[in-house]
Structure formats: C-alpha cells, structure tokens
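pasted the sequence and its predicted model underneath.
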Amino acid sequence: VNFPMLEACLRGLNAETTNESATGASMAATVLWIVGLSRAVAAKGEPRCLPVPKLLENTNIEGGGYADFVTKNATLCRDACCADEMCVAFSWTLHAFTNGTTTNHSCLRGETCCFLKNGGYKGQKSAADITSGYVNGHPRPPPSPSPPPAPPTRPSFSGTKPNFLFLIVDDLRPEIGAFGAAHMHTPNLDRLANRSLVLQRAYVQQALCGPSRASFMTGRRPDSTRTITHQGSCTNSRGTSCYWRDVGRANFTSLPQAMKEAGWWTASFGKTFDPRTSDSCDMPYSWSQPPQSCTCDGTGTLPDNNRASHVAVAQSDEPGLVDPPIVDQALDFLRTYSHDEAPFFMAVGLHRPHLPFMVPERMLALYPPTLPAAQPANNDFAPNGVPPIGWTYSGEIHSYNYNTTVTGWMNATGDVWTGEPNSTLPAEWTTELRRHYFAAVSATDELLGSILDELASLGIENNTVITFLGDHGWHLSENGLYGKCTNFNTGTHIPMMLGGSRLGVPLVPLGGIHSRSLAEAVDLLPTILELAGVGTLNVCDETPAPNRNAIPLCREGVSLLPLITNATQELRTAAFSQYPVPGCGGVGCDGSGPSFQHPTHMGYTMITSNGKRITEWLSMQYDNKTGEFLPQWGDMTLNEPYWLSAFKPQPVLPECPATSVFEYYDHSVDPEENNNLARKPSASTAAEIKVLVQQLRAGWRAALAPPASPA
C-alpha cells in the first residue's frame with residue numbers, strides 16, 4: 001500500500017463529499033473499503049494517527065468486532081482506525097439501514113457512517129478478549145475453526161494461490177450443448193465443459209432466485225437461511241427486508257466472505273446475490289470493493305416495449321441490453337486489477353435467460369420457428385394426479401404481456417389464459433417463447449465466452465478455477481407450466497460445472513469429466529474452500545435457534561472434488577429441494593397469501609440416486625420468538641379425497657389439507673413426471689412411498705454418504 005498516495009486519495013474524497021448537498025447517489029459512489037491499513041502503515045514506519053477520543057464518546061460500540069458511528073468524512077474514519085492498535089480495516093460509506101431497537105448501530109439511513117473492524121474498545125486489551133461486535137447491526141460471525149492466512153504477496157500469476165471465477169446465470173435450465181442439447185448453440189459453455197467436471201444431476205435447494213442464491217452463496221439450505229421468498233413483507237428485525245442475515249437471525253459466513261477473510265480480493269458484477277434478499281448485495285461483508293450492477297433490472301437501457309415477454313433487438317441496440325455492460329465491467333476489472341497483490345475471487349451474474357427475453361436478432365436467427373425443439377413440449381399438460389397444492393399458475397409470466405402489440409395472454413381456445421391446469425398457450429406462442437429463450441441462452445454464452453477469452457489473453461487462465469451454474473430451472477410448457485417456482489424436476493434441475501486450472505494444473509483432463517452422481521448447489525461452498533486451501537469443513541450441527549450466532553463456518557453440502565478421481569461414486573443418497581405455498585391456491589411467485597415469508601404450507605422434495613422423486617406437502621408452524629421453522633409432518637395415510645384425477649378448466653380448489661399430501665414420480669419409467677403414483681398406489685407402491693417419506697423426513701444429513709475408509 002502506498003500510504004501517502006492513499007492518504008491523498010482520502011483527502012480528495014473528503015473534499016468531494018463533505019458538501020451537505022451531495023446526493024445520496026454520489027455518496028454511495030464514494031465507498032471506501034481499506035483492508036489491512038493499520039498493518040500497512042506500521043510496516044512502512046509511518047506514525048499512527050493521533051487518538052480522537054471525542055469522536056468515540058457516547059456511541060454504542062460493543063465488543064471488538066465491527067463498530068459503527070457517524071463521521072463527516074473518510075479522513076476522520078481513517079483517523080479513528082489508526083487511533084486504535086487493534087483496528088485492521090475501516091469502511092466509510094452512506095448508511096443504507098434504518099435504526100431500530102434491535103439493530104445495535106448508531107447510524108441512521110442517509111448518514112455517512114464509519115465502520116471499524118477489530119477495534120478493541122471498552123477496555124479490551126487483546127484479540128482474546130474479543131467475543132462479538134457489530135457492523136450494520138448484524139452480529140459478527142465467529143472466526144473459522146482455523147484462522148485464515150494473511151493475504152499472500154505474489155510477484156505474478158505463478159503464485160501460490162489460484163484465482164476463482166464464479167459464473168451465475170439466471171433461470172438457466174440444463175439445455176445446453178454440453179448437457180446433450182444438440183439444437184443449442186453454446187460453443188463457449190461447451191468448451192468450458194471440455195475442461196470441467198460436468199455435473200449432470202445437480203439440483204438447487206429452491207426454484208426461486210433470491211432463496212436459491214442465499215442458499216448456494218452461504219452453503220446453507222432454505223430452512224437454515226430461513227430465506228424462502230423475496231416478495232412481500234418478510235418477518236425480521238426491521239420488518240421490511242428479506243435480507244438473509246435478518247430473516248435467518250444468524251450471521252452466516254458467505255462463500256465470498258470466507259474467501260475475502262482468507263486473503264482473496266473479492267469482486268461482484270451483476271446479479272450475484274439477489275439484491276432483494278441481500279442488502280447492498282451483502283456489502284461490506286462479502287466484497288472487497290462495492291458490487292457493480294447488482295440489480296434485478298431486466299431491460300437495461302432499452303424501452304420495455306409494452307412490457308413484452310420477448311423482443312428481438314437489432315445489433316446496433318445490443319449495447320443497451322442488460323448483460324453486456326455487466327461483462328464490460330468484469331473485463332475492466334480483469335484488465336486493471338493489480339495482479340501482483342493477491343488472487344481474486346470474481347463473481348459474475350448474468351440476467352438472461354430471465355424474463356423478459358430481450359435478445360439479439362442474430363441469435364434468434366439460430367432457432368427457426370420450424371425447429372423441432374422450439375415446438376411445445378410433449379408433456380404440456382398437468383401431471384395426472386397432481387394435487388392442487390403442487391400446482392403453480394405461472395404467475396411470473398403473467399406480469400408481462402405476450403409481445404409488443406398483444407396485451408395479456410390467451411389460451412389455445414382464444415380465452416383469457418390465467419395459468420389454470422390443462423389450458424395451455426397457443427402452440428405458436430409457445431414456439432416463440434422457446435425460440436427467444438434459446439436465443440437468450442446463446443447471447444449469454446457469447447458474453448461468457450468474452451470473459452474466458454480475456455483470461456487467456458491476460459495469461460491467467462492456467463491459474464483460474466471456474467465455477468458455472470444456473471440459479472434454478474425454468475418451464476417452457478413442460479408439465480403445462482411457464483416459469484419456475486415449482487418442485488418439479490424442470491424447476492430444480494440445473495447445469496453446474498467446475499473446471500479451469502489451479503497453479504498451472506488443469507482440474508480435469510482435456511475432454512472433461514461427466515458425472516451423473518447427485519450434486520447440489522450447496523456443494524459449491526465446501527468445494528471451493530477446499531480448492532482454495534481454506535480447509536475442510538465439518539457438517540453443520542443442528543444447533544438450537546438461540547445459539548445460531550455461535551455456529552462456526554461449516555457445510556450443509558459436500559465437496560465435489562472426489563468426483564474428479566471417481567465420477568461414478570455417490571456422495572449422497574438423495575438431493576433435497578423445497579417450495580412454500582402462501583395459501584392453498586397453489587404455488588406462486590406473486591407473493592400473494594397471508595404471509596409469503598411464513599407460508600401456510602411447504603413442499604419438501606427429495607430425489608434419490610436411483611431416480612425416485614417424492615414430495616410431501618405439509619402445514620407449517622413458526623416460533624415467532626426464534627424464527628424457527630416447524631414442519632408439521634403429517635399422517636402418511638395415502639387417502640383419496642384431496643386428489644384430483646383431472647383438472648377442469650377452472651377448478652375449485654379444496655381447502656388447505658389438514659394432513660400431508662404426497663407426490664411420487666419414478667424417473668426410471670416417467671422422466672417427464674407425468675404420472676403421480678401417490679394418488680392411487682398399489683400396495684407395493686404404497687410401501688415404497690412410505691420408505692421414501694421416512695428418508696425425506698430424516699433429511700439431508702442422513703443422506704450424506706459416510707466418509708471413505710482409509711486405505
């Protein structure tokens with residue numbers, strides 16, 4: 001660190017931001033996050049700042065972890081950090097939170113606030129005295145079982161630590177070339193697969209953006225993060241946010257946060273965390289610099305065109321699409337990052353193929369209307385025997401219009417389409433949606449290719465580990481549905497890959513490794529931390545709710561690295577997902593119902609290694625004091641009254657079931673999930689269902705394969 005230059009920078013920043021008329025936007029743009037400042041000053045022999053006791057009087061700083069108080073400029077914040085021997089980092093930024101009785105912070109929304117890390121106030125003399133502290137009102141998580149190493153200093157990319165590129169794509173189903181979709185034009189993802197572990201049976205833990213990302217970015221499942229929605233009013237300390245650190249009432253260490261604490265420079269571009277379930281995209285916890293373009297805006301700078309579900313744009317308009325600027329920001333980071341300082345962990349999240357399907361015309365031309373894969377799915381109908389509680393009315397797509405001239409939606413008979421079962425869209429409409437979705441995937445593939453090319457151009461691809469995944473699947477008429485928000489296989493099954501090179505050695509041989517062993521998105525955290533050398537994590541305990549803030553860094557998934565040496569071994573006997581139902585009108589994405597954060601029912605789903613998919617829909621209760629989820633596992637009697645053999649055009653849904661309701665699909669004979677065997681099971685099928693339900697209720701811990709015995 002060039003301290004005189006840094007000080008000059010801070011003073012310049014001070015001059016720019018002390019004007020009380022400065023807008024919130026300009027304030028937010030002047031975020032500072034300086035890591036290891038005090039150490040760098042001491043190493044250069046510079047004098048520490050004089051104490052500023054007046055600044056620290058009458059604040060609610062507690063412990064020696066994070067602390068916060070109001071300052072007018074960055075220099076005062078720097079001075080406060082320098083005045084204390086135990087302060088190792090500070091952040092000065094516009095405060096984004098409201099004050100409350102339980103938030104334990106001094107800064108109000110709109111104030112410029114100083115955050116200190118590891119400042120030993122209130123008479124604490126050593127790091128051993130530090131037990132807790134606060135930043136932005138959230139209890140600081142305890143340290144990892146093994147202290148993270150100091151950031152490495154390396155002369156070049158041939159250093160001792162690899163870089164990590166973490167690629168996330170919204171609403172991406174495993175329909176790309178590398179996963180057997182010959183009709184898809186995805187040359188860049190295919191070449192990534194050619195040097196990756198390709199996980200052909202990977203599942204997310206919930207088929208909705210915010211909960212899914214909160215899950216795989218923390219390595220925790222939705223019942224642990226307690227983040228099952230990003231809509232409506234969540235129950236938390238502030239009452240208005242669905243931030244996973246609030247609704248979970250536990251400050252779990254995220255994947256980028258663990259990498260940051262272990263010495264990596266962490267950067268975020270695009271939709272990585274979902275901003276609806278992570279205030280400021282989890283800054284400053286997870287990132288070494290302010291995240292860029294962390295929004296849910298899906299249109300970019302182009303007009304919304306009647307809020308059309310699909311639009312093709314001319315090549316001259318492509319820069320106005322939502323994703324090209326995100327990739328430009330990521331490329332700028334790669335080109336300007338000081339690569340001799342520390343390795344980086346860079347997350348890039350692209351929006352397409354999320355609605356609206358705004359795509360380049362040249363990509364749409366790759367998928368003519370006569371393409372067989374663009375026709376409606378063979379199973380564009382509700383599964384036989386599906387319970388009403390397991391049905392979704394495709395709520396998300398109803399928030400758009402069909403195209404730029406047609407407002408609303410109609411079904412194949414010309415009536416208004418509301419998403420009711422067995423009343424699908426006209427075939428030509430479905431074809432256009434599928435074509436535009438495919439084109440969106442190809443456009444995303446091209447953008448990801450530019451990042452891969454830049455790694456090669458900079459000479460760093462041989463020391464960059466690359467992770468790629470979709471945050472959940474998407475129905476394009478399969479099961480008669482359009483969208484996500486389901487427990488069906490099409491909603492939870494995702495593409496996931498782990499590849500690249502580490503310290504000059506490819507993770508997998510050229511040609512890639514394809515594995516059909518079950519994998520889950522929560523596996524990425526323990527896998528990456530093991531690759532980074534941070535350590536091998538223990539399985540998370542079932543810690544009682546009052547002690548959730550004492551949970552150390554742990555895992556709820558498994559490391560995927562054993563599959564590189566043996567792609568056929570099973571790391572678990574089953575994978576798990578879930579989806580809530582606010583009321584009993586079926587699964588939805590619109591946040592309707594009494595409380596989307598505390599839904600009346602939950603559908604817990606499990607798919608086994610031999611392709612048996614079981615779902616139990618049950619009523620939910622909650623401990624309002626602790627926030628704990630309390631599933632009410634019901635009677636396992638397979639009864640008929642709640643089932644419907646076939647839906648009428650506008651069915652009258654029964655009241656909420658008083659006991660559990662089940663779905664059972666056998667992928668060995670029914671991979672499309674067209675026939676719910678739990679409706680009228682034979683005696684042998686009923687016995688099989690009961691065994692599966694017992695396995696489902698035992699949960700994910702019981703499904704983990706025992707560790708291999710030493711040779």
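Thanks, I have the structure now.

what about the residue lying closest to residue 279 once chain neighbours are set aside, how many neighbours?
What sits nearest to residue 279 in space, not counting adjacent residues and going by C-beta to C-beta, 6 or more residues apart in numbering, is residue 243, at 4.7 Å. No exception for glycine: its C-beta is placed from N, CA and C like everyone else's. The local packing of residue 243 (other C-beta atoms under 10 Å) involves 27 other residues.

I'd say residue 243 and residue 275 touch.
No. Using C-beta atoms under 8 Å, residue 243 makes no contact with residue 275, being 9.7 Å away.

pLDDT score assigned to the residue nearest to residue 279?
Looking at residue 243, its pLDDT reads 86.

any idea how far it is from residue 202?
Distance of residue 243 to residue 202, given as C-beta to C-beta, to the nearest Å: 26 Å.

and for the helix or strand harbouring residue 311, what's in contact with it?
When elements are assigned from DSSP states H and E, residue 311 belongs to strand 310-313. Outside of strand 310-313, the residues within contact range by C-beta atoms under 8 Å, 6 or more residues apart in numbering are 302, 305, 320-321, 356-361, 364, 403-404, 432-433, 436, 439.

if you set the cut-off to 7 Å instead, what comes out?
With contact meaning C-beta atoms under 7 Å, 6 or more residues apart in numbering, strand 310-313 is reached by 302, 305, 321, 356-361, 364, 403-404, 432-433, 436.

cool, stretch 479-491 as well?
Around stretch 479-491, the neighbours that count as contacts under C-beta under 7 Å, 6+ apart are 171, 173, 207-208, 379-383, 390, 392, 394, 396-397, 421-422, 424, 472-476, 478, 577, 579, 587-589, 603, 605, 613, 615, 673.

equivalent analysis for stretch 364-381, please.
So stretch 364-381 is contacted by 183, 185, 312, 422, 424, 427, 430-431, 434-436, 438-439, 442, 476-480, 672, 674 (C-beta under 7 Å, 6+ apart).

again with stretch 563-576
For stretch 563-576, contacts defined as C-beta under 7 Å, 6+ apart pick out 197, 203, 205, 507-508, 513-515, 517-518, 520, 558, 562, 605-609, 695, 700, 703-705.

got the CA coordinates for that stretch in PDB?
Presented in PDB, the C-alpha positions along stretch 563-576 are these (Å, rounded to 0.1, in the frame of the first residue of the first chain):
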ATOM      1  CA  LEU A 563     -15.800 -36.900  -8.400                       C
ATOM      2  CA  ILE A 564     -12.700 -35.800 -10.300                       C
ATOM      3  CA  THR A 565     -11.000 -39.100  -9.500                       C
ATOM      4  CA  ASN A 566     -14.100 -41.200  -9.500                       C
ATOM      5  CA  ALA A 567     -17.000 -39.700 -11.400                       C
ATOM      6  CA  THR A 568     -19.400 -42.600 -10.600                       C
ATOM      7  CA  GLN A 569     -19.200 -42.600  -6.900                       C
ATOM      8  CA  GLU A 570     -22.300 -41.400  -5.000                       C
ATOM      9  CA  LEU A 571     -21.600 -38.600  -2.500                       C
ATOM     10  CA  ARG A 572     -25.100 -38.800  -1.200                       C
ATOM     11  CA  THR A 573     -28.200 -41.000  -1.500                       C
ATOM     12  CA  ALA A 574     -30.600 -38.100  -2.300                       C
ATOM     13  CA  ALA A 575     -30.800 -34.400  -3.100                       C
ATOM     14  CA  PHE A 576     -33.300 -32.000  -1.500                       C
END
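
show me what counts as buried in it.
563, 567, 571, 572, 574, 575, 576 (16 or more other C-beta atoms under 10 Å).

summarise which helices and strands the lengthiest helix in the chain is packed against.
Identified as the longest helix of the chain according to DSSP state H is helix 427-457. If contacts are counted by 3 or more C-beta pairs under 7 Å, 6 or more residues apart in numbering; DSSP states H and E, helix 427-457 sits against helix 187-193, strand 310-313, helix 323-336, strand 344-350, strand 357-360, helix 361-364, strand 475-476.

can you lay out those as JSON lines showing distance to residue 536, mean neighbour count and mean pLDDT?
Converted to JSON lines, the helices and strands packed on helix 427-457 look like this (distance: least, C-beta to C-beta, whole Å; neighbours: other C-beta atoms under 10 Å; pLDDT from 0 to 100):
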{"stretch": "helix 187-193", "distance to residue 536": "26", "mean neighbour count": "20", "mean pLDDT": "98"}
{"stretch": "strand 310-313", "distance to residue 536": "46", "mean neighbour count": "21", "mean pLDDT": "96"}
{"stretch": "helix 323-336", "distance to residue 536": "30", "mean neighbour count": "18", "mean pLDDT": "96"}
{"stretch": "strand 344-350", "distance to residue 536": "19", "mean neighbour count": "26", "mean pLDDT": "98"}
{"stretch": "strand 357-360", "distance to residue 536": "42", "mean neighbour count": "26", "mean pLDDT": "97"}
{"stretch": "helix 361-364", "distance to residue 536": "43", "mean neighbour count": "19", "mean pLDDT": "98"}
{"stretch": "strand 475-476", "distance to residue 536": "38", "mean neighbour count": "23", "mean pLDDT": "97"}
